[in-house]
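Undergrad: Mind looking at a prediction? Sequence and model below.
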Amino acid sequence: MTATTTPTAAAHTADAPQVMVNMLWCVPGKVGGSEEYLVRQLLGLAEVGPAYRVSVAGAQGLAAAHPELAAAGIAVAEPDFASHNRVRRVVGESTWLRRHAAGAALVHHGGGTAPPRAGQPYVLTIHDLQFRTYPEYFTRLKRAYLGALIPRSVRRAAVVTVPSDYVRESVIEAYRADPERVLVVPHGIEPALAGEVTPADELRRLYGLGDGPVIVYPAVTHPHKQHQFLLQMMATHWTDPDLRLVLTGGAGFAEPQVAACTDPRVVRLGRVPAAHRNGLLAMAAALVFPSQYEGFGAPLIEAMTLGCPVVCSDATCMPGIVADAGLVRPLTAEAWANVLDEARLRRHQLVAAGRERAQQFTARASGAALAAAYARAWQHP
């Protein structure tokens, strides 16, 4: 049985090429920033114009989680199998998806791999190659799966899209991919994000944040996100008794270590509603982002959009994303010891630079880059 949303907006012309976007892997709320990345760029594509008729093959619950897709005229078809089971999903990509994509001029596989029997031409999105950099964070089975499927998927793709120059260079180097076929489609953040903000006084009352400065880190508790670094900074350098470090995001492999923290100034909230997340960033003295690995780091641009100074590590893509609109520092205690004071003293300058930088990463700009990638794939011999 297939559930299909009915588009409520006519965003495409009847003679435009049809594109099927494979998001069967995208279990709502379970795959992190890649879910928002693809949804936002599809919404941006709808803004750009009627060059393509786009529909989505999505995991169960995706349509309900993102009604904005239907509002933009993007239909979502869902299968009768659950994508939580990787075996069922892989089989479904070679059967159910193949049938549903039969009439499409182009298929876009958004999860980093394409099915072995994938028709051509297709666009492949690779979010990152973290499994190669930090294999210890992945199970042996997952490493074997990605190690076998990604190289083959890259070789057969008409175009590979990536979120940043860092990932582009990684893909070209790792798989000897043709640079002409690896295109950057950056994350896109909606300017309307600033309109969905819970007031600061309400958040302080709801979460017991007191009246002092608040710093925020929105990230799943995986080891490479380096929550432990922030906890150590709180213990040794950021000793203001009124300071609150707010951690949002799901539980990852390092959750036991983070949960063991007994500092009452560290507030662990887990997943929060979008308006609360936005409100926390809007009120924060800084976004503190010590991650060791990011394919893009969407919270960096979200914070800039919301007028929050950014402090981040100098790893992977982050210096290129933040540029001079934030405080980019090596991940050492000495380098981070005084960043909160610097962010406070330079707040006006950093907020202005951040808002200007964020204008380069809108959903519309992301959609335009995706349209260019589709056009390149469409022309692929």
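TA: Yep, it's here. Predicted model only: the values in this text are computed from it and were never measured. Numbers count the residues shown, from 1 in each chain.

Undergrad: So for the host helix or strand of R143, what gets flagged as buried?
TA: Taking DSSP states H and E as the criterion, R143 maps to helix 140-156. Residues of helix 140-156 classed as buried by neighbour count (16 or more other Cβ atoms under 10 Å): Y145, L146, L149, I150, S153, V154. (Glycine included, C-beta is placed from N, CA and C.)

Undergrad: From the centre of this protein, give me the residue that's furthest out.
TA: Within the chain, the residue lying farthest from the chain centre (Cα atoms, centre = their mean) is P241, at 33.3 Å.

Undergrad: is it true that that residue touches P264?
TA: No. In this structure, P241 is not within contact of P264 by Cβ atoms under 8 Å, at 9.5 Å.

Undergrad: Mind jotting down where the strands sit in the stretch 101-250 of the chain?
TA: Along the stretch 101-250 of the chain, counting by DSSP state E, counting those that start in this stretch, strands occupy 106-109, 122-125, 159-162, 182-184, 214-218, 244-248.

Undergrad: mind exporting the third one as CSV, just the C-alpha atoms?
TA: Yep, that's strand 159-162 we're talking about. C-alpha atoms of strand 159-162 as CSV (Å, rounded to 0.1, in the frame of the first residue of the first chain):
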residue,chain,number,x,y,z
VAL,A,159,26.7,13.9,-10.9
VAL,A,160,27.7,13.7,-7.3
THR,A,161,26.5,16.6,-5.0
VAL,A,162,28.2,17.4,-1.7
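
Undergrad: following the helix or strand of the chain with the lowest mean pLDDT, which helix or strand comes up?
TA: In the chain, no helix or strand scores lower on mean pLDDT, DSSP states H and E than strand 3-4, which sits at a mean of 40. The first helix or strand that comes after strand 3-4 along the chain, using DSSP H and E, is strand 18-23.

Undergrad: Please pull up the helix or strand immediately following that next one.
TA: Once strand 18-23 ends, the next helix or strand along the chain (criterion: DSSP H and E) is helix 33-48.

Undergrad: Just want the angle from that next one to strand 18-23.
TA: Going by axes from the mean of the first three to the mean of the last three Cα atoms, to 10 degrees, helix 33-48 is angled at 160 degrees with respect to strand 18-23.

Undergrad: What mean pLDDT does helix 33-48 get?
TA: The average pLDDT within helix 33-48 is 90.

Undergrad: Repeat that for stretch 211-223.
TA: Per-residue scores along stretch 211-223 average to 95.

Undergrad: End to end on that stretch, go ahead and measure it.
TA: 31 Å (Cα to Cα, to the nearest Å).
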